[in-house]
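In: Next input, structure requested:
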Amino acid sequence: MTSSFGWLALDPEQRRRMMEAVDHFRDETTIDDLGFGGIRDAFSDTLFPGTSTLHTRLRYALFVPWLLQEASHRDTVAGMQSTFREYEYQLIEALQRGGEAEGVFGRDAGRALRRLPSEVYWGMLGRWGVFERGFTARGYFEREQLRREELRAAPSADDRDVHVHLTPTGLDPRLPDPPGGLLKNATFALRPEDAQYLREAITRTAAGTLLAHLAAHRPEIWTDSSTAPAGVGDPAIRQGLPPELGALVDRADRFALTAEGANLLYNLLLAEATGKHNRQGATLTKVYRDRMDAWFEEARSVEPLHVQDREAIWLMATARGRRVSRTTRDFIGTWADAVASASSAADLTGRADLRQLVVDREREKKGTRARLPPGNQYALDAWSGASGIGRFDYRWRNVSRHLQDLYDAEGVA
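Out: Numbers count the residues shown, from 1 in each chain. Presented below is the predicted three-dimensional model:
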């Protein structure tokens, strides 16, 4: 029998989180066999609030509210809602006519697209203050209809000192006006006023974060997409960071490195259990021993993940609503201390207690789906040769694309 799952789509933000969870299964940096995901996501939310692995291009943060405004011209709330959905489909065609391909939602699916941009970007728009808290499309349309009634009921007057009180729409009044012909021909290129608005929204609502810092301070080496820093730990990003933010970025970088080592050991155990080879004919056992050696040389060149670092991480994760269980703390602490005391990768791969630590951790997180013996032989046989071996990038691939869009608008006349 084919397994499946479902959920109740109560609001756009819940749907976005669910779809992001589904997408995690498609990305090697997000597969979570050993239970690092909650802390990884806490770092991501802290460094880059409002972002998601589902995001493609930054201008969708403006397309969505612009389409809401355009749809609100209909007579009824139901008509506004259906028009808004129709406009999201029309936007696909407008972007294609504008010559865009990379990052277009529905580029291939067209009107068969089921996950629309509004669902994906809703969380960002609320976090960055484009929408007020608790904002919904239906609520916005209902307010627009109420505002019409308030205008009709207001006394007519030529006196400029007479002001009519209107119910707020829930949209940020500072939102720039949409360009003309938005649904005829659209691009991802931000106008100067678009970039200024988004930069101010980010720095206002996410002050003190790495996202806000980079929105306001473009690294000198970052001249175009080809020179973008490789990740949050890149020296070009660390340079000039305020001390507290610099310490956070450093902990995130060292946590990613520490977690990568545990995931490599996990894959080494899988390689030994299966005896598989790669396409070049080398045993995967040798491949992962070599990778562990290279990883350890990097790990020994930086500060270990000390107890005080780990305590700061637990506090950060808790502040972001991520529960860090005692077993998770113990697992990470034991592994980090082992890495700090080892003199070679062999000191780690040869320790029976660390091997059992990984086996027990997978069993705790995956239950009967655990691959390692005595586990699920079918799942072990189905192992592709790599699982969760990519180092955490904390959504940098998506965020750097957003920042590039922002930087590209600099100097545009």
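In: Gln69 - that's part of a strand, no?
Out: No. Under DSSP: H, G, I helix; E, B strand; the rest coil, Gln69 falls outside any strand and is assigned helix.
In: And for it, the neighbour number?
Out: By other C-beta atoms under 10 Å, 16 other residues sit near Gln69. Every residue, glycine included, has its C-beta placed from N, CA and C.
In: Let me see the contact set for it.
Out: Leu171, Pro178 (C-beta atoms under 8 Å, 6 or more residues apart in numbering).
In: Distance of it relative to Val130?
Out: 12 Å (C-beta to C-beta, to the nearest Å).
In: and what of Val249?
Out: On the measure of C-beta to C-beta, Val249 and Val130 end up 26 Å apart.
In: More neighbours: the two, which one.
Out: Neighbour tally, Val249 and Val130, criterion other C-beta under 10 Å: the higher count belongs to Val130, 25 against 22.
In: mind checking the backbone torsions on the more buried one?
Out: When read as degrees, to the nearest 10, the backbone of Val130 gives phi -70, psi -30.
In: which residues sit in contact with it?
Out: By C-beta under 8 Å, 6+ apart, the contact set of Val130 is Ala61, Pro65, Met124, Leu171, Asp172, Leu175, Ala201.
In: Among these, the buried ones, what's the ChimeraX command?
Out: Restricted to buried positions by 16 or more other C-beta atoms under 10 Å, the ChimeraX selection for those reads:
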select :61,65,124,171,175,201
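In: Need the contacts of Val130 in JSON lines (columns: distance to Asp32, pLDDT and secondary structure).
Out: What follows is these, written out as JSON lines (distance: C-beta to C-beta, whole Å; pLDDT from 0 to 100; DSSP: H, G, I helix; E, B strand; the rest coil):
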{"residue": "Ala61", "distance to Asp32": "28", "pLDDT": "98", "secondary structure": "helix"}
{"residue": "Pro65", "distance to Asp32": "33", "pLDDT": "98", "secondary structure": "helix"}
{"residue": "Met124", "distance to Asp32": "23", "pLDDT": "97", "secondary structure": "helix"}
{"residue": "Leu171", "distance to Asp32": "36", "pLDDT": "96", "secondary structure": "strand"}
{"residue": "Asp172", "distance to Asp32": "35", "pLDDT": "97", "secondary structure": "coil"}
{"residue": "Leu175", "distance to Asp32": "37", "pLDDT": "97", "secondary structure": "coil"}
{"residue": "Ala201", "distance to Asp32": "31", "pLDDT": "98", "secondary structure": "helix"}
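In: With respect to Arg323, which of the contacts of Val130 is nearest?
Out: Nearest to Arg323, judged by C-beta to C-beta, of those is Met124 at 23.9 Å.
In: Now the element after the least confident helix or strand in the chain by mean pLDDT, going C-ward?
Out: One helix or strand of the chain scores below all others by mean pLDDT, DSSP states H and E: helix 12-24, with a mean of 50. Moving toward the C-terminus from helix 12-24, the next helix or strand (DSSP states H and E) is helix 37-47.
In: what packs against that next one?
Out: Judged by 3 or more C-beta pairs under 8 Å, 6 or more residues apart in numbering; DSSP states H and E, helix 37-47 is in contact with helix 243-274, helix 307-319, helix 326-341.
In: Mind putting these into JSON lines with distance to Thr46 and mean pLDDT?
Out: Listed next are the helices and strands packed on helix 37-47 as JSON lines, based on distance: least, C-beta to C-beta, whole Å; pLDDT from 0 to 100:
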{"stretch": "helix 243-274", "distance to Thr46": "7", "mean pLDDT": "98"}
{"stretch": "helix 307-319", "distance to Thr46": "6", "mean pLDDT": "97"}
{"stretch": "helix 326-341", "distance to Thr46": "17", "mean pLDDT": "98"}
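In: Just tell me which of these ends up closest to Arg191.
Out: Of the helices and strands packed on helix 37-47, nearest to Arg191 by C-beta to C-beta is helix 243-274, at 29.6 Å.
In: Just the buried residues of that closest one, please?
Out: 245-246, 248-274.
In: before we move on, the earlier item: columns distance to Asp33 on top of the contacts of Val130, output as a markdown table?
Out: Shown next, in a markdown table, are these (distance: C-beta to C-beta, whole Å):
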| residue | distance to Asp33 |
| --- | --- |
| Ala61 | 33 |
| Pro65 | 39 |
| Met124 | 29 |
| Leu171 | 42 |
| Asp172 | 41 |
| Leu175 | 43 |
| Ala201 | 37 |
